[in-house]
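Asks: Sequence plus the predicted model coming up.
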Amino acid sequence: MKSGFVTIVGRPNVGKSTILNKIIGKQITAISHKPQTTRHKILGILNSTDYQVIFMDTPGVFKPAYTMQRLMVKSALATLKETDIVLLVVEPFYLELDLLSQIEKPTVLAINKIDLLRDKTEVLPLVDKYKDYPMIKEIVPLSAFYNDGLAKLRDSVISYLPEGEPYYPEDFISDRPNRFFVTEIIREHIFLLYGEEIPYASTAVVEEFKEREKGKYYISVTIYVERDSEKMIILGEDGRAIKKLGTAARRSIEKFLDHEVYLELWVKVKKNWRKDPIALREFGYE
């Protein structure tokens with residue numbers, strides 16, 4: 001039996017969350033085409049009779065501009081010391097040297113988005129350059145979006161896991177409660193439906209989550225933004241935008257929970273919450 005922790009790390013928008021969701025077989029992290037969609041460290045657990053892989057998806061590593069971003073980057077880098085294996089995700093257009101200098105654990109390098117290359121052989125010179133780094137045990141070019149190379153990546157990670165007993169029951173796919181995934185789903189749809197600064201200035205908090213044996217679950221969520229003008233954009237003219245958001249989010253939540261849901265959304269202003277340590281702790285950012 002093999003079991004261990006695998007930290008997924010990389011720059012924003014390189015496909016870390018897509019890789020995790022595809023390998024686990026269930027969407028547990030928010031995904032959008034916008035960078036910095038992932039804000040929290042999220043565990044995704046892959047179980048088998050022969051292994052248990054505990055993937056830790058992390059926020060992208062970049063130069064932070066305010067308190068929330070600093071917490072995100074700090075969380076990502078801290079996991080590099082807690083893990084058995086590092087899964088470093090990069091794109092095929094440049095060398096990722098800064099992050100490599102901070103990694104000491106055995107590393108599997110995933111060169112994602114090779115579908116963007118005119119010819120897949122273009123990745124070979126990049127592979128040769130990474131081979132000089134001793135912490136890199138294996139290099140796997142792949143396209144997570146098209147499921148190309150994911151099986152090889154999974155098998156590579158498993159091959160470097162230490163022997164040991166499972167850390168979690170075999171039916172666990174994460175250590176997070178359903179309330180957390182509800183907020184992730186809502187944030188994802190905010191990233192998908194709203195442009196400019198709105199997704200970055202907003203967060204979601206579950207106020208009530210009532211599971212019922214019969215009938216729909218009742219879920220009440222407050223979306224916090226920093227300015228009155230952002231609240232008006234979330235709501236939209238005559239409430240049309242938030243209605244669209246609620247419909248899309250409810251469908252995704254029902255798919256995730258496999259149960260019908262009555263979803264109620266509220267919007268409140270909490271000025272400069274991204275720079276307020278007290279508000280950040282209140283909203284679950286550590």
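Replies: That came through fine.
Asks: Outside of the helix ranked longest in the chain itself, list whatever touches it.
Replies: Identified as the longest helix of the chain according to DSSP state H is helix 240-257. Contact partners of helix 240-257, identified using CB atoms under 8 Å, 6 or more residues apart in numbering, comprise 26-27, 178, 181-182, 185-186, 188-190, 192-194, 217, 219, 233-236, 260-261, 263, 265, 267. C-betas here are computed from N, CA, C, even on glycine.
Asks: Mind giving me the PyMOL select for those residues, buried ones only?
Replies: Those of those that count as buried under 16 or more other CB atoms under 10 Å are selected in PyMOL with:
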select buried, resi 27+178+181+182+185+186+188+189+190+192+193+194+217+219+233+234+235+261+263+265+267
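Asks: which strands and helices sit next to the helix or strand hosting residue 17?
Replies: Assigned by DSSP states H and E, residue 17 falls within helix 16-24. If contacts are counted by 3 or more CB pairs under 8 Å, 6 or more residues apart in numbering; DSSP states H and E, helix 16-24 sits against strand 2-10, strand 42-47, strand 51-57, strand 85-90, helix 150-159.
Asks: Which stretch among those approaches residue 73 most closely?
Replies: Closest to residue 73 of those is strand 2-10 (CB to CB; 10.6 Å).
Asks: what about that closest one, average pLDDT?
Replies: The average pLDDT for strand 2-10 rounds to 94.
Asks: you'd agree residue 223 is in a strand?
Replies: Yes - secondary structure of residue 223 (DSSP: H, G, I helix; E, B strand; the rest coil): part of a strand.
Asks: about what we covered before: make CSV from the helices and strands packed on helix 16-24 and add mean neighbour count and distance to residue 106 to it.
Replies: Listed next are the helices and strands packed on helix 16-24 as CSV, based on neighbours: other CB atoms under 10 Å; distance: least, CB to CB, whole Å:
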stretch, mean neighbour count, distance to residue 106
strand 2-10, 23, 10
strand 42-47, 21, 18
strand 51-57, 23, 14
strand 85-90, 25, 5
helix 150-159, 17, 10
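Asks: As JSON lines, the ones you listed with distance to residue 240 would be great.
Replies: As requested, those are arranged in JSON lines below (distance: least, CB to CB, whole Å):
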{"stretch": "strand 2-10", "distance to residue 240": "37"}
{"stretch": "strand 42-47", "distance to residue 240": "32"}
{"stretch": "strand 51-57", "distance to residue 240": "33"}
{"stretch": "strand 85-90", "distance to residue 240": "37"}
{"stretch": "helix 150-159", "distance to residue 240": "39"}
